[in-house]
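**Student:** no FASTA, just this:
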């Protein structure tokens, strides 16, 4: 299997476009699906509760209706579990990027 080599231009685009949307989705899943209080999510992510509220209200990090591939959606679920300390192995930006790239 050939491993894709990182390209700074692809990484730059992913960090600007994919990561904020994926982070917003991860926060929404923690609060809405897993029932984690906003204050707890804020504490674990090291950001304000107001920022969490903005993610949940789709005022921050959202780009319309994201169409996540099943693999990327699964990666976001793993990210949420990792934030809560329930996922043994963390994920990296490269993991998110590879999952997103498979869709295209």
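**Tutor:** Perfect, I can see it now. Source: prediction; values computed, not measured. Numbering: from 1, shown residues only.
**Student:** what stretches of the protein score poorly on pLDDT?
**Tutor:** The model of the chain has pLDDT under 70 over residues 1-5, 63-65, 88, 102-104.
**Student:** the helices in it, which residues?
**Tutor:** 8-13, 19-28, 38-45, 49-56, 70-83, 93-101 (DSSP state H).
**Student:** Output those in CSV; the columns should cover mean neighbour count and distance to residue 62.
**Tutor:** Where C-beta positions appear, they are placed from N, C-alpha and C, glycine not excepted. Output for these, formatted as CSV (neighbours: other C-beta atoms under 10 Å; distance: least, C-beta to C-beta, whole Å):
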stretch, mean neighbour count, distance to residue 62
helix 8-13, 11, 17
helix 19-28, 20, 5
helix 38-45, 16, 16
helix 49-56, 18, 8
helix 70-83, 18, 13
helix 93-101, 18, 16
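**Student:** What values do phi and psi take at residue 60?
**Tutor:** phi -140, psi 130 (degrees, to the nearest 10).
**Student:** Isn't it up against residue 51?
**Tutor:** Yes - look at residue 60 against residue 51 with C-beta atoms under 8 Å: they come within range, at 6.6 Å.
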